[in-house]
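>>> Structure, please.
(one chain, ligands or ions: 2)
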Amino acid sequence: MTARGAAGDHFGDPGKSRRVVIVGGGTAGWMTASYLAAAFGDRIDLTVVESAHIGTVGVGEATFSDIRHFFEFLRLAESDWMPACNATYKLAVRFENWREPGHHFYHPFEQLGSVDGFPLSDWWLRHPATNRFDKDCFVMASLCDAERSPRYLDGTLLDQGFVEQDHDESAARSTIAEYQGVQIPYAYHFEAHLLATYLTGYSTRRGVRHIVDNVVDVGLDEDGFITHVATAEHGELSADLFVDCTGFRALLLNKALGEPFVSYQDTLPNDSAVALQVPLDMDREPLRPCTTATAQEAGWIWTIPLISRIGTGYVYAGDYSTPEQAERVLRDFVGPAAADVPANHIKMRIGRSRRSWVKNCVAVGLSSGFVEPLESTGIFFIHHAIEQMVKYFPSGRGDELQRELYNRSIAHVMDGVREFLCLHYVGARRADNQYWKDTKTRKIPDALAERIEIWKHKVPDTESVYPYYHGLPPYSYNCILLGAGGIEVRHSPALDLADERAALAEFQRIRIKADKLVQELPTQNEYFAQMRADTH
Ligand SMILES: Cc1cc2nc3c(=O)[nH]c(=O)nc-3n(C[C@H](O)[C@H](O)[C@H](O)COP(=O)(O)OP(=O)(O)OC[C@H]3O[C@@H](n4cnc5c(N)ncnc54)[C@H](O)[C@@H]3O)c2cc1C
Ligand SMILES: N[C@H](Cc1c[nH]c2cc(Cl)ccc12)C(=O)O
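Ligands and ions are numbered 1, 2, ... in the order given. Next up is the predicted model:
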C-alpha cells in the first residue's frame, strides 16, 4: 500500500468524465461494468483490470427471477444472451431428502394465493388436500415434477399473470428495488464463465477498457482514499471510484482499506465446496427446470442442468467432512459420468464486510459478502449491489450519507438472507446423524428464534419475516417451513369457524390449472431441442 497526495476529485466537476476502475473480471466485475456502461454511457470512464493468473471462482450458475431486470436494463432479450451462455430455465429449487430420505418439495417462483384474508398455506394447514403443501398451493410444483418448460414450443410464456413486454430500446427500465409487478415465473441457469465472456464483449463494445494484468499495490492518500492501483505491467490506474470485485480475497476493501469482515460461520457452518462440470447429453438425459439441492451427510449437493452439462457440487461443513471425503461423496452421487472430470475445491468465506462501501472503494460480489448458494443468492447480491451503487452514485468525496445508506441496504439484504438460510437447517426434520442433529441446536440469529415462535402459531407473513428488503417474499418462508417439516406450524384458530368453500375451490382451481399445463407444455428437453433445430 502506498501513501500519496489527495486523489484527483473529478466527481465534483460535472464537466469531467467520472473515472471508475473495477478490479476483477469474474461475474461481479463484468456485471458491474456492463450495468454501469448501460446506466451512464460515455458520461463515465470505465476500466476493468483482471488477472490472467488468478482464476475466477468458476461457479455461480443459478439465479433469482429478479435477474430479468438486469438483462432488460442492458436491453438484452433472452435470444441475445441465453444461447451464448448455454442457459436453461429454473422454475424453483427442489429440496430432496431435507425432511427425510425420499421426500422432496419445491420453493417456486410463484406467489402464494390467499382466500378471505388468510394465506393459502393457512387454509392448507386446516384443510390439507394432500400431504404435498407445494403441489396443493403452487402450479409450478407440478410443472417441475413433470419437467416442463415455462414456454410453449412457439416461445409463448405460460400464463401465470406475468406479461412479457415487447423488446423496446427506448422503454423505461425497471429495477428490482422499484418493481412492484407480478411474480416473474422463472429464473435461469447459465454457465458462469460464458456469462462473464458475454458481458466482456457487451462492455468493451460500449467503450469499457479491459486490461489483463495483476494489481500488485493499492495507493492511499492521507485521508485513506484510494488514489490508484498499481499493476505489474500497465503502470498505475487512477480513478475517482474503485470497485473491488476481487472475490473472496477482497484485495481493496478488506486488505488495503482494512475494513473488517463479519463472519456468519457460527450460524451457517458450511464453509467448503467441491464442484464438478459433468457433460450432459440433453437428447438422452432430463433437463429438469429447477435447481436441485439434495441433502447429504455433512451438507447438500447442488445439481444445475445446463444445455451442454450439469453443474454440480457438494457444499459441506469442514468440521464434519474432509475435502477428500466430500469429493468421494460427490463422485458417488454423480456416478460414472464424473469419472474423468476434474474437481474444483473451494474454501468459502461466509459472512459480509462490515461496510461494503468505504471512502471511494465499493466491493461487489464475493469481496462484499457471501452465504452458501442454497437459494442461489450470490448473483442476486451482485445485481442488488450494482443497482444500489447507481442509486447512490457519488457526486464527490464527501458523500458519507450516501455511503451509509448504501451500506445499510447491503447489510440488510445479506443479514436477511442469512436468516432465511438458517431456517432451512433449523426447520429441517431430518436429524439422522451428528451434522443434522447439530442443526437443531446450533445458534441461530436471536430475531429468527423469535420469528419461529410466532410462525408456530401463525404462518409467515409480511409482519413476521425479516423486516427490511432482502429479496425473499413471505411465501418463500412458507415453502421452507411447510416443506422441510421440522417445525410444527398451526393454522389460525379462525379457520375452525370460517367457511372453507372458497379455499377448497381455490385448491381445485390450482389442481385443474396444473394438470392442464402439464398436458400442454413441452418438457424442457423438447423446448430446447426445438430451439436448437430452429437455429440450425
Ligand atoms: C461453491 C459456490 C457455488 C455458488 N453457486 C452460486 C449460484 O448457484 N448462484 C449464484 O447466484 N451464486 C453462486 N455462487 C456465488 C457466485 O459464484 C459469485 O457471486 C460470483 O461468481 C461472483 O464472483 P466474483 O466475481 O465476486 O469473484 P471471482 O469469480 O472470484 O472473481 C475474482 C476476480 O478478481 C480477479 N483478481 C483477484 N485478485 C486480483 C489482482 N490482484 N489483480 C487483478 N485481478 C485480480 C480475478 O482474476 C477474478 O477475475 C456460488 C459460489 C460458490 C463459492
Ligand atoms: N425476489 C424473488 C425471490 C424469490 C421468490 N421465489 C423464489 C424462489 C427461489 Cl428458488 C429463489 C428466489 C425466489 C424472485 O427473484 O423471484
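
>>> Find the residue closest to A141 in space, skipping its chain neighbours.
Counting by CB to CB, 6 or more residues apart in numbering, A141 lies nearest to D134, which is 4.0 Å off, once chain neighbours are set aside. For glycine as for every other residue, the C-beta is placed from the backbone atoms N, C-alpha and C.

>>> Burial check on that neighbour, number of neighbours?
Other residues lying near D134 total 25 when counted by other CB atoms under 10 Å.

>>> after whichever helix or strand it is part of comes which helix or strand?
Using DSSP states H and E, D134 sits within helix 133-137. Per DSSP H and E, the first helix or strand lying C-terminal to helix 133-137 is helix 139-145.

>>> Report the mean confidence score over the helix or strand following that next one.
Later in the chain than helix 139-145, the nearest helix or strand by DSSP H and E is strand 187-189. Here strand 187-189 scores 98 as its mean pLDDT.

>>> Tell me which other helices or strands the helix or strand following strand 187-189 touches.
Moving toward the C-terminus from strand 187-189, the next helix or strand (DSSP H and E) is helix 192-204. Helix 192-204 sits against helix 27-40, strand 44-50, strand 209-212, with contacts defined as 3 or more CB pairs under 8 Å, 6 or more residues apart in numbering; DSSP states H and E.

>>> Can you point out the buried residues in the longest one?
Spelled out, that is helix 27-40. Across helix 27-40, burial judged by 16 or more other CB atoms under 10 Å covers 27-40.

>>> Distance to E404 and pLDDT added to those, as a markdown table?
Formatted as a markdown table, those follow (distance: CB to CB, whole Å; pLDDT from 0 to 100):
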| residue | distance to E404 | pLDDT |
| --- | --- | --- |
| T27 | 27 | 98 |
| A28 | 22 | 98 |
| G29 | 25 | 98 |
| W30 | 28 | 98 |
| M31 | 24 | 98 |
| T32 | 21 | 98 |
| A33 | 25 | 98 |
| S34 | 27 | 98 |
| Y35 | 22 | 98 |
| L36 | 21 | 98 |
| A37 | 27 | 98 |
| A38 | 26 | 97 |
| A39 | 22 | 97 |
| F40 | 23 | 96 |
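
>>> Also near ligand 1: which of those, exactly?
Near ligand 1, judged by CB under 6 Å from any ligand atom, the entries from the buried residues of helix 27-40 are T27, A28, G29.

>>> helices and strands around the helix or strand containing R511, which ones?
Take DSSP H and E as the rule and R511 turns out to sit in helix 501-520. Packed against helix 501-520 by the contact rule (3+ CB pairs under 8 Å, 6+ apart) you find strand 114-115, helix 120-126, helix 133-137, helix 139-145.

>>> Turn the helices and strands packed on helix 192-204 into TSV, including distance to L287.
Listed next are the helices and strands packed on helix 192-204 as TSV, based on distance: least, CB to CB, whole Å:
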stretch	distance to L287
helix 27-40	22
strand 44-50	32
strand 209-212	33
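
>>> now for these, which one comes closest to D166?
Shortest distance between D166 and those, using CB to CB, is found for helix 27-40: 18.8 Å.

>>> next helix or strand past the helix holding R511?
For helix 501-520, the following helix or strand on the C-terminal side (DSSP H and E) is helix 524-535.

>>> circling back to that earlier point, model confidence over the helix holding D134, on average?
98.

>>> quick revisit: isn't the residue nearest to A141 up against P128?
No - the pair D134 / P128 is not scored as a contact, 11.9 Å apart, by CB atoms under 8 Å.

>>> on that earlier part again, closest one of the ones next to ligand 1 among the buried residues of helix 27-40 to T63?
The shortest approach to T63 among these belongs to T27, at 10.4 Å (CB to CB).

>>> Using CSV, write out the CA atom coordinates for stretch 77-91.
What follows is stretch 77-91, C-alpha atoms only, in CSV (Å, rounded to 0.1, in the frame of the first residue of the first chain):
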residue,chain,number,x,y,z
ALA,A,77,-33.5,-10.2,-24.9
GLU,A,78,-33.2,-13.8,-23.9
SER,A,79,-32.4,-14.7,-27.5
ASP,A,80,-29.4,-12.4,-27.3
TRP,A,81,-27.7,-14.0,-24.3
MET,A,82,-29.2,-17.4,-23.4
PRO,A,83,-27.7,-19.4,-26.3
ALA,A,84,-24.3,-17.8,-25.7
CYS,A,85,-24.4,-19.0,-22.0
ASN,A,86,-25.9,-22.5,-22.5
ALA,A,87,-28.8,-21.2,-20.4
THR,A,88,-31.9,-23.1,-19.3
TYR,A,89,-34.9,-22.2,-17.2
LYS,A,90,-35.4,-22.5,-13.5
LEU,A,91,-38.9,-22.7,-12.1
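
>>> Can you give me the buried ones in that stretch?
E78, W81, M82, P83, C85, N86, A87, T88, Y89, K90, L91.

>>> how much space between the residue lying closest to the fourth one once chain neighbours are set aside and ligand 2?
If I follow you right, that is P83. Excluding the flanking residues, the one nearest P83 by CB to CB, 6+ apart is T535, at 7.1 Å. Using CB to the nearest ligand atom, to the nearest Å, T535 is found at 28 Å from ligand 2.

>>> roughly how far apart are T535 and ligand 1?
To ligand 1, T535 is 26 Å away according to CB to the nearest ligand atom.

>>> End to end on stretch 146-154, go ahead and measure it.
End-to-end span of stretch 146-154 (CA to CA, to the nearest Å): 19 Å.

>>> right, is it up against ligand 2?
No - using CB under 6 Å from any ligand atom, stretch 146-154 stays clear of ligand 2, with a minimum separation of 13.0 Å.

>>> What score does A7 have for pLDDT?
Per-residue confidence (pLDDT) for A7: 44.

>>> Quick check: the residue of the stretch 151-300 of the chain nearest ligand 1.
As assessed by CB to the nearest ligand atom, ligand 1 sits closest to G247 within the stretch 151-300 of the chain, at 2.6 Å.

>>> what's near enough to touch that residue?
Neighbouring residues of G247 by CB atoms under 8 Å, 6 or more residues apart in numbering: G24, G26, A28, T56, V57, G365, L366, S367.

>>> so which pair among those residues is furthest apart in space?
Largest separation among the contacts of G247 by CB to CB: T56 and S367, giving 12.4 Å.

>>> Lovely, talk soon.
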